Each structure stands twice: as C-alpha cells, then as structure tokens.
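K.L.:
Quick one, structure for this:
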Amino acid sequence: MAETDALRPEQLGTYFVLMEAVSLLQHAVEQQLRAEGGLSYVQFQLLARLADAKGRLTMTELADGVVYSRSGLTHQAALLEKAGLITRGPSPDDHRATLVTITDTGLALVAKVLPGHIQLARRLLFDPLSGQDLHALGDIMTRVRDHMRTQPPRSAAPRKRRTGTPAVRAAEE
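P.N.:
Presented below is the predicted three-dimensional model:
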C-alpha cells in the first residue's frame, strides 16, 4: 500500500476516536487548570516536569519533554517567570544553555492543582477501563509514543532557513 493511499475504515475510525478522546480530555484538563490555578495545560506540564525533576532542567530538555516549540516555550517560560513560578539563568556548564528552576511558589501551585487534575484524569480516563484495559492501553500508547519519538523532537529539529525576499517567502509558504 502506498503511503498516500487512503486509510482503511478501521484505521480512520480509530484515528478519529483517539483524536476526539484526546481533545475532550485536554479541554476538561484545561478548564480545571485554569479554574484552580490560572494555568494553561502547557504551563502545567512545564511546572510538573520541573517539580518531578527535583532540580533544574535546560530549556531544551523542557521543550523536548513537553513537545513544544522553542519559541513557544520561551514565551511560556517568560509568563511563568513573571508570575514568580520559575527562574531562568545561564548554565555554568554550557554558556549556550538556559537552566530553568521551579520556585517554591511554583511547587505550591502544582500541589494546589494536582488533586483536581488527578481526580479529573481518574474520572474521565481511568474509570471506564478495567485493569486489563488499562494495561493494554498503556502498552499500545507506549509503543505509539516510542515510535513517534524516533523522529527528532520539534525543539531539536533543524530550523528552516528563510531565503529570498519577504514576497518570495510568502509565496513559498
């Protein structure tokens, strides 16, 4: 089968069910995080990763972990830093790297929103699953994620070089 051939009906149906379930879960999570902590989902991911790391991570490590663009991460980090939830500074080991550290205020905010986050995930995602379903879903999604991770993360992908005049670039896009 050529890569451009249409998906089989079962593949297409599975794709749409997965995307709808992810969208519904992400929307509910966004609502909970905004209501309880004034955070976006990406901001929560960044804070949770930093809290879990029990120390510092580089901006690249954060971007790779949450699969977010460098520029988007820089913007989100600036918002979190302005709110006093993280600090950023140069790495003593690599002058090109920026280290990000969660503050005590950031840790407290994660602790505040985490119970509602867990409750929501349990209610929407895990309650309808049996133990066997959970194991199978975990195995399947781990394989899919690992396969997708064989491609370079967005933060490590080479940046596209812009050539030509702005009019030529616009026509190319």
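K.L.:
tell me the contacts of the residue nearest in space to the middle of the chain?
P.N.:
Per CA atoms, centre = their mean, the C-alpha nearest to the average position across the chain is that of Val66, at 3.1 Å. The neighbours of Val66, taking CB atoms under 8 Å, 6 or more residues apart in numbering as the test, are 42, 45-46, 49, 73. For the C-beta atoms, the positions are set from N, CA and C on the backbone; glycine is no exception.
K.L.:
residue ranges for the helices of this structure, please.
P.N.:
Assigned by DSSP state H, the helices in the chain fall at 9-37, 41-53, 59-66, 70-82, 104-121, 131-148, 166-172.
K.L.:
before we move on, the earlier item: Serialize the contacts of Val66 to TSV and add fields for pLDDT, neighbour count and distance to Asp139.
P.N.:
Below are the contacts of Val66 laid out as TSV (pLDDT from 0 to 100; neighbours: other CB atoms under 10 Å; distance: CB to CB, whole Å):
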residue	pLDDT	neighbour count	distance to Asp139
Val42	93	19	27
Gln45	94	18	23
Leu46	94	28	28
Arg49	94	16	23
Leu73	89	21	30
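K.L.:
could those residues go into a markdown table alongside distance to Arg8?
P.N.:
Listed next are the contacts of Val66 as a markdown table, based on distance: CB to CB, whole Å:
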| residue | distance to Arg8 |
| --- | --- |
| Val42 | 34 |
| Gln45 | 33 |
| Leu46 | 38 |
| Arg49 | 37 |
| Leu73 | 37 |
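K.L.:
For Phe16, see how far away the residue nearest to Thr105 when sequence neighbours are not counted is.
P.N.:
Once flanking residues are discounted, Thr105 sits nearest to Gly84: 5.0 Å by CB to CB, 6 or more residues apart in numbering. Distance, Gly84 to Phe16, by CB to CB, to the nearest Å: 41 Å.
K.L.:
again, but for Ala28
P.N.:
19 Å.
K.L.:
Now tell me which helix or strand of the chain has the poorest mean pLDDT.
P.N.:
Counting by mean pLDDT, DSSP states H and E, the chain has its least confident helix or strand at helix 166-172, which shows a mean of 50.
K.L.:
Any regions of the protein where pLDDT drops low?
P.N.:
1-3, 152-173 (pLDDT under 70).
K.L.:
picking up where we left off before, quick check: the residue nearest to Thr105 touching Ile102?
P.N.:
No: at 10.7 Å, Gly84 and Ile102 do not qualify as touching, with contact defined as CB atoms under 8 Å.
K.L.:
So for those two, which sits in the more crowded spot?
P.N.:
Under the criterion of other CB atoms under 10 Å, the comparison of Gly84 against Ile102 puts Ile102 first, with 26 against 12.
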